[in-house]
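Asks: no sequence for this one, just the structure:
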């Protein structure tokens, strides 16, 4: 075992109307925030498989097609102290019966009008769904105690 960052995957699902699927976090450092579905990669699990698993567990949706959009290093400033490598995927077509996981919630939102958590705003900008300057994004992240750097 190492003391390195936890590896995680998040999935951007965009419907034909241009809305993005978000889930309410009910645990973890961003509890209460609306973010993209996703979570930690399990031991011996491929990142893409974790993305598909987390999408299904949190929303009831499945996807075959995933495209890597970005890789971030995300750190929580003290006292939170978390450290993640987050893989952002864009999903192709999704199917399934929508159902939020126990204790969670989900909804489709217009990315231009959602009151986005700063980490979601970074992903939306990198997906080309909103236009925000990087200085504003970094300031908003710092305001919530998060350092987020794009590695890819």
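Replies: Cool, the structure landed. Model, not experiment: these values are computed from the prediction. Residues are numbered from 1 along each chain as shown.

Asks: contacts, neighbours, all on C-alpha from now
Replies: Noted.

Asks: List the neighbouring strands of the lengthiest strand in the chain plus their orientation.
Replies: Longest strand in the chain, counting residues (DSSP state E): strand 66-76. Sheet pairing for strand 66-76, assigned by DSSP bridges, gives strand 83-91 (antiparallel), strand 146-150 (antiparallel).

Asks: if you compare those, which one is most tucked away?
Replies: Highest mean neighbour count of the strands paired with strand 66-76: strand 83-91, a mean of 22 (counted as mean count of other Cα atoms under 10 Å).

Asks: Just the mean pLDDT for that one, thanks.
Replies: Regarding strand 83-91, the rounded mean pLDDT is 97.

Asks: where along the protein do the helices fall?
Replies: For the chain, helices defined by DSSP state H occupy the ranges 47-59, 118-126, 134-143.

Asks: Dump the ones you listed into a markdown table; add mean neighbour count as well.
Replies: Formatted as a markdown table, the helices of the chain follow (neighbours: other Cα atoms under 10 Å):
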| stretch | mean neighbour count |
| --- | --- |
| helix 47-59 | 22 |
| helix 118-126 | 21 |
| helix 134-143 | 14 |
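
Asks: low-confidence ranges in the protein?
Replies: For the chain, applying pLDDT under 70 flags the ranges 1-2, 80.

Asks: Look at the closest residue to residue 40 other than its chain neighbours and say how many residues are nearby.
Replies: Spatially, and ignoring its direct neighbours in sequence, residue 40 is nearest to residue 8 (4.0 Å; Cα to Cα, 6 or more residues apart in numbering). Using other Cα atoms under 10 Å, residue 8 has 22 other residues around it.
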